[in-house]
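S.K.: Test case, fold it:
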Amino acid sequence: MRQPEKVIIAGAGPAGGYCALTLAEKGIYPIILDHSHPREKPCGGGITPTTAEKFPFVNAYRTEGNTNRECVILTCTNRKITQTRQGFNISRRFFDKEILNKAIDKGAKLIEEKVIAVKHDKNIWHVQTNKQSFTTKILVGADGVNSVVRKATVGSFTKDNLALGFGYLATGAESQLTTIKYFDPLTEIQGMAWMFPRKYDTTIGIGILGATQKGRLLKPLLDDFIKTHWEKVRITARFAHMIPLAKSPAFFSLPCSGKNWLLVGDAAGHVDPISGEGILYALWSGKLAAEAIKGENLSLYDQFWRKEYGNYLKKRSKERDIFYNPVRMELAALMVAKHHSKIRI
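M.R.: Down below sits the predicted model:
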């Protein structure tokens, strides 16, 4: 029989790819199992200034993206704020591929197969793909919101810790400013819409906090958003998906590691509970997981992420309902405008 691998990573998105890259740089060469990456992800591609500062290597990709020097914020009362911005928007296919290729160049191995089941037995993980079986001493779940690894360890996400997204890939708005629109939770939805112009196309989407019955409102709200601001864009594709968004700070008390397993990125639920930002925490969690594996003490991972960004995510979860209070949002918008931005009504 084939000997167990030391590390298998299920998922080749930014979390899995960067975990693999960090491990390979430390002399540990994992197998990555993923049948779909690199792929386009219309809801993603926003690289925030914090991400660019924390992981400077991403700045090399600016020329393949779209750097808006300003970002438009539309409040739930349609107050318009223009903020300076140092981030950029990029194709997720390109971004994910670059990280994955770096990991492969350093010695990680990608096998383009889908993980369909995992089982733990006698300190070994048995991993079943759509084509073959593997065993491994350590299993990293980087397989997104529908994580097979998460289901086998701490359990799948509950509906109240999920958000529903709907949107389009489009062309014709690449010269426009990045725009984020917040909705009134009392009369519309608790959520936001966005327009991220990239180099060759644009992503326009909408997300609602919580997997609720109001999902039927997403398409008409988004179509109205587009018609109001970018009526001449051409839709080339559409998408719908779920993302993890913690409703309660208690969510972040759940373990993301055990004796021989770890969860990173979306599979761990490490996404900003208000903004939905995930790339930063995908890279960050992948790096910290690799450090815990190298240190041969996987329990360190939970200590690492809670110390470095966990408390912030808990705070954001606690503030989620308050953030979407229309009165508070209006006051916050005025304060931001007064100190940092241009404001228009």
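S.K.: only C-alpha atoms for contact and neighbour calcs from this point on.
M.R.: Will do.
S.K.: what helix or strand is the nearest residue to residue 206 once chain neighbours are set aside on?
M.R.: Leaving aside its chain neighbours, residue 206 sits nearest to residue 193 (4.0 Å; criterion: Cα to Cα, 6 or more residues apart in numbering). Secondary structure from DSSP states H and E places residue 193 in strand 191-197.
S.K.: Report the strands that pair with that strand, each with its relative direction.
M.R.: If you go by DSSP bridges, strand 191-197 pairs up with strand 178-182 (antiparallel), strand 202-209 (antiparallel).
S.K.: mind listing what the residue nearest to residue 206 touches?
M.R.: With Cα atoms under 8 Å, 6 or more residues apart in numbering as the criterion, the residues that contact residue 193 are 180-182, 204-207, 222, 225.
S.K.: will you turn these into JSON lines that also has distance to residue 322?
M.R.: Compiled in JSON lines, the contacts of residue 193 are given as follows (distance: Cα to Cα, whole Å):
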{"residue": "180", "distance to residue 322": "18"}
{"residue": "181", "distance to residue 322": "17"}
{"residue": "182", "distance to residue 322": "13"}
{"residue": "204", "distance to residue 322": "26"}
{"residue": "205", "distance to residue 322": "23"}
{"residue": "206", "distance to residue 322": "20"}
{"residue": "207", "distance to residue 322": "18"}
{"residue": "222", "distance to residue 322": "23"}
{"residue": "225", "distance to residue 322": "24"}
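S.K.: Among the residues you listed, which pair sits farthest apart?
M.R.: For the contacts of residue 193, the maximum inter-member distance is 13.7 Å, found between 182 and 204 (Cα to Cα).
S.K.: Between the two, which is the more surrounded one?
M.R.: Between residue 182 and residue 204, counting by other Cα atoms under 10 Å, residue 204 is the more crowded of the two (27 against 23).
S.K.: For residue 83, see how far away the spatially closest residue to residue 195 that is not a sequence neighbour is.
M.R.: Among residues not flanking residue 195 along the chain, residue 204 sits closest, at 4.4 Å (Cα to Cα, 6+ apart). As judged by Cα to Cα, to the nearest Å, residue 204 and residue 83 stand 19 Å apart.
S.K.: didn't residue 146 look like it was pressed against residue 267?
M.R.: Yes. Using Cα atoms under 8 Å, residue 146 makes contact with residue 267 at a distance of 7.3 Å.
S.K.: higher neighbour count, those two?
M.R.: Higher neighbour count among residue 146 and residue 267: residue 267, with 29 against 15, using other Cα under 10 Å.
S.K.: So the more buried one versus residue 106, what's the distance?
M.R.: Counting by Cα to Cα, the gap from residue 267 to residue 106 is 24 Å.
S.K.: where does residue 238 fall, helix, sheet strand or coil?
M.R.: strand (DSSP: H, G, I helix; E, B strand; the rest coil).
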